[in-house]
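S.K.: Sequence plus predicted model, see below.
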Amino acid sequence: MEKILIIGACGQIGVELSLALRQAFGTSNVIASDIRPPHPLLGEGPFMNLNATDATALNEVIGREQISQVYLLAAVLSATGEQNPMRAWDINMKSLLQLLEICVHQKVKKLYWPSSIAVFGPTTPHSDTPQQTIVEPGTVYGISKYAGELWCQYFHQRYGLDVRSLRYPGLISWKGDPGGGTTDYAVEIYHDALKQGRYTCFLKENTYLPMMYMEDAIRATLELMEAPAEKLSTRMSYNLSALSFSPKEIADSIRKHIPGFEISYAPDFRQQIAEGWPQSIDDRLARHDWGWKPRFDLDAMTADMLQHLREKG
Ligand code: AKB
């Protein structure tokens, strides 16, 4: 029987991943944790307040609860990270490095840690970015993610730790709220379209970025974690792809449901971050190794987002 700990369960990925893991493994076997109070959608399942950088508390919980799988989702994202780079580095790296050691020491069976397209930078080929290519990240978030990937690979090679990882593109969801990312516009736009019929975007209209609907991202995570270890040919992080669109294209997609929707553009510091990232991703390795295939295209995602946000009110 698996016993699972999710660290950072109240964030954009954490909420939905917690619900999916509870469905798959049983509510009582999945402990959600966060430094924040429990998210309302997490309901009645086990929850504890945990600081991702508190090694003593993590070690104690993992030992006491006999945790077999850990998902570390707590992180400072790209835009917030640039406001205070040292804090972002400290939180992102400390939480991972301490946990890698604890997982080895406590014989945790599997560790999941997300990476991001932010590992790539301005010198990376921008279109169909390969799994292995020039990697010179331009944000502290990207630097911490790339360093983290290398540490994950090191712990796998040196200690045999079964650590798995995905390079998420921008994630779009209606349940959990995004926080501090450069791709967050693609969530805000749906909220503002419904509430105000207009949106001011902090990126330019033709800024293409890789994106993915959360339902696909959660399925990818569960599929990677269930894949037989011998199928995984990298212990860095897998490129993962679904969509690539610009603010103008998402606005056009929204207009199919809200004809009068208006978008204007007021690019800020996040434009430079976005311009350093890939526009589309080559994820053939993930498709080959563990059968990854996305389901949502832009219009299917828009229809689903607007329907759920309308129902939510
Ligand atoms: C961000 O924009 O920082 C994140 C990411 C792409 O990892 N959504």
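M.R.: On my side now, so go ahead.

S.K.: Where does the record place the domain boundaries for the chain?
M.R.: Domain ranges of the chain: 4-170+213-239, 171-211+243-312, per automatic domain parsing.

S.K.: Output those in CSV, with mean neighbour count appended to each entry.
M.R.: Glycine gets a C-beta too; all of them are placed from N, C-alpha and C. Shown next, in CSV, are the domains of the chain (neighbours: other Cβ atoms under 10 Å):
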stretch, mean neighbour count
domain 4-170+213-239, 19
domain 171-211+243-312, 18
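
S.K.: Can I get these in a markdown table including mean pLDDT?
M.R.: Formatted as a markdown table, those follow (pLDDT from 0 to 100):
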| stretch | mean pLDDT |
| --- | --- |
| domain 4-170+213-239 | 98 |
| domain 171-211+243-312 | 97 |
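
S.K.: Make JSON lines out of these and add distance to the ligand.
M.R.: Output for the domains of the chain, formatted as JSON lines (distance: least, Cβ to the nearest ligand atom, whole Å):
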{"stretch": "domain 4-170+213-239", "distance to the ligand": "3"}
{"stretch": "domain 171-211+243-312", "distance to the ligand": "3"}
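
S.K.: Which residues are in contact with the closest residue to Ser116 other than its chain neighbours?
M.R.: The shortest distance from Ser116 to any residue other than its chain neighbours is 5.0 Å, reached at Lys145 (Cβ to Cβ, 6 or more residues apart in numbering). Contact analysis of Lys145 by Cβ atoms under 8 Å, 6 or more residues apart in numbering lists Asn92, Ser115, Ser116, Ala118, Val119, Pro137, Arg167, Ser237.

S.K.: ok, those residues vs Trp174, which is closest?
M.R.: For the contacts of Lys145, the closest approach to Trp174 (Cβ to Cβ) belongs to Ser116, at 20.8 Å.

S.K.: from what I can see the closest one touches Ser144, true?
M.R.: No - Ser116 is beyond contact range of Ser144, at 9.6 Å (criterion: Cβ atoms under 8 Å).

S.K.: Which stretches in the stretch 1-150 of the chain count as strands?
M.R.: In the stretch 1-150 of the chain, strands defined by DSSP state E, counting those that start in this stretch lie at 4-7, 30-34, 47-49, 69-72, 110-112, 115-116, listed in chain order.

S.K.: any idea how far stretch 32-46 is from the chain center?
M.R.: Centroid separation for stretch 32-46 versus its chain: 18 Å, with Cα atoms, centre = their mean, to the nearest Å.

S.K.: Now do the end-to-end distance for that stretch.
M.R.: One end of stretch 32-46 sits 6 Å from the other (Cα to Cα, to the nearest Å).

S.K.: Tell me which residues are up against that stretch.
M.R.: 5-11, 14-15, 18-19, 22, 27-28, 30-31, 47-52, 61, 74, 175-176.

S.K.: hang on, the earlier thing: most widely separated two among the contacts of Lys145?
M.R.: Asn92 and Arg167 (14.8 Å).

S.K.: CA atoms of stretch 7-18 as CSV?
M.R.: The C-alpha trace of stretch 7-18 is given here as CSV (Å, rounded to 0.1, in the frame of the first residue of the first chain):
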residue,chain,number,x,y,z
ILE,A,7,4.2,19.3,-0.1
GLY,A,8,2.7,22.5,-1.4
ALA,A,9,-0.8,21.0,-1.8
CYS,A,10,-2.7,24.4,-1.9
GLY,A,11,-1.0,25.7,-5.0
GLN,A,12,-2.2,25.6,-8.6
ILE,A,13,-0.9,22.0,-9.2
GLY,A,14,-1.1,20.8,-5.6
VAL,A,15,-4.9,21.1,-5.3
GLU,A,16,-5.7,19.1,-8.4
LEU,A,17,-2.9,16.6,-7.9
SER,A,18,-4.0,16.0,-4.3
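
S.K.: quick one, phi psi at the residue nearest the centre of the chain?
M.R.: Against the mean C-alpha coordinate of the chain, by Cα atoms, centre = their mean, the closest residue is Tyr168 at 5.1 Å. Phi and psi for Tyr168, reported as degrees, to the nearest 10, are phi -70, psi 140.

S.K.: what's near enough to touch it?
M.R.: Ile13, Pro114, Ser115, Ser116, Ile117, Met212, Ala217, Leu240.

S.K.: Other residues contacting stretch 214-222?
M.R.: 12-13, 16-17, 20-21, 24, 112, 114, 166, 168, 171-176, 212, 240, 242, 286, 292, 294-296, 304.
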